[in-house]
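Asker: Sharing a model prediction with you, sequence too.
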Amino acid sequence: MPAFMDALAAAVRAKRSPLMVGLDPRLGNLPDGLRPADGASLAEIAEAFRAHSCGVIDAVADLTPIVKPQAAFFEQLGPAGMTALAAVIDHAHAAGLLVCVDGKRNDIGSTAEAYADGWLGAVSPWRGDALTVSPYLGDDSLEPFTKVAAARNAGVFILVKTSNPGGGTFQDKLVDGEPLYRRVGAHVEATSAASAGECGYGVAGAVVGATYPEQLAELRAAMPHTWFLVPGFGAQGGAATDVAGGFAADGLGAVVNSSRGVIFAYEKRPHADGWQAAVRVAAEEAVQQLREIMPGG
Ligand SMILES: O=C(O)c1cc(=O)[nH]c(=O)n1[C@@H]1O[C@H](COP(=O)(O)O)[C@@H](O)[C@H]1O
């Protein structure tokens, strides 16, 4: 089994696609036919979320190397939601896709070990291929994730420069004359340089928002062994030209996430062949736009 970043690089090359489709089901945005009736139980809503996410996967599987289910949308439904999340992960794997669980986990080292084993370990009940992780508890909190991920050929994506408007509150603050995100980036890069696989990228990836194109290009240059997960494309305003700086010269090094812009595409542009056809058209367009700016795409 190849290391996660090697598998991701191979899948991006094979599909000529750096698009990551985010699975963020929301009750109010489900298409007709899948939307549960008013007063539906959590179990009924969870089943609708499962059906929507699996339907999205079926519509885009040949267009994307990786999907990113956002755990929050499933967690809010309690146990039934988590069962639905597990089913979505299994469905994505059956469709030949890699899966990054967006959980943004972390805690003190000894508790981080439980998160790491639970989400990424050899006996993980979730079987995700990668997990998003927060760095703000420090290096000893990140180590369990990178260790478990390396042992199991999984990956982690560590928040470095997030896409949200308030991200700079802490991330841009100067520490010894440099912004904190740069410090975090340097730590992630050191971890990945020491674990770089065949494709040249190591076990630790970085989350860097499409909404900060300057910092994206700066971090790309400073972090040559680190694969980027770039959210904020589409619904948050990031354009293809904004994410261009996230790629290495060979066209690898980044996957660009779009959630709402793809999975609810039928709301703005319905398709005569149904909601999945609208989702597919949106994914095709996103891939086309990304190919145009991706070096060698
Ligand atoms: O880690 C993430 O995926 C993430 C980090 C970040 O800085 N910004 C960000 O939007 N995300 C996630 O990426 C997805 C973006 O969704 P859309 O804005 O609908 O494309 C959501 O699931 C967010 O939780």
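Answerer: Yep, it's here.
Asker: Remind me what the one helix or strand residue 256 maps to packs against, helices and strands.
Answerer: Using DSSP states H and E, residue 256 sits in strand 254-258. Using 3 or more C-beta pairs under 8 Å, 6 or more residues apart in numbering; DSSP states H and E, the elements in contact with strand 254-258 are strand 19-23, strand 228-230, helix 275-293. The C-beta positions use only the backbone N, C-alpha and C, and glycine is treated the same way.
Asker: which one of those lies closest to residue 128?
Answerer: Minimum separation from residue 128 across the helices and strands packed on strand 254-258 (C-beta to C-beta) falls at strand 19-23, 12.1 Å.
Asker: Name the residues of the stretch 101-250 of the chain found near the ligand, please.
Answerer: Taking C-beta under 6 Å from any ligand atom as the criterion, the stretch 101-250 of the chain approaches the ligand at residues 102, 132, 162, 163, 164, 207, 209, 231, 232, 234, 235, 236.
Asker: Dump those to JSON lines, plus pLDDT and secondary structure.
Answerer: Shown next, in JSON lines, are these (pLDDT from 0 to 100; DSSP: H, G, I helix; E, B strand; the rest coil):
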{"residue": "102", "pLDDT": "98", "secondary structure": "strand"}
{"residue": "132", "pLDDT": "98", "secondary structure": "strand"}
{"residue": "162", "pLDDT": "98", "secondary structure": "coil"}
{"residue": "163", "pLDDT": "98", "secondary structure": "coil"}
{"residue": "164", "pLDDT": "98", "secondary structure": "coil"}
{"residue": "207", "pLDDT": "98", "secondary structure": "strand"}
{"residue": "209", "pLDDT": "98", "secondary structure": "coil"}
{"residue": "231", "pLDDT": "98", "secondary structure": "coil"}
{"residue": "232", "pLDDT": "97", "secondary structure": "coil"}
{"residue": "234", "pLDDT": "94", "secondary structure": "coil"}
{"residue": "235", "pLDDT": "96", "secondary structure": "coil"}
{"residue": "236", "pLDDT": "96", "secondary structure": "coil"}
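Asker: Report the buried members of these.
Answerer: By neighbour count, with 16 or more other C-beta atoms under 10 Å, these hold 102, 132, 162, 163, 207, 209, 231, 232, 234, 235, 236 as buried.
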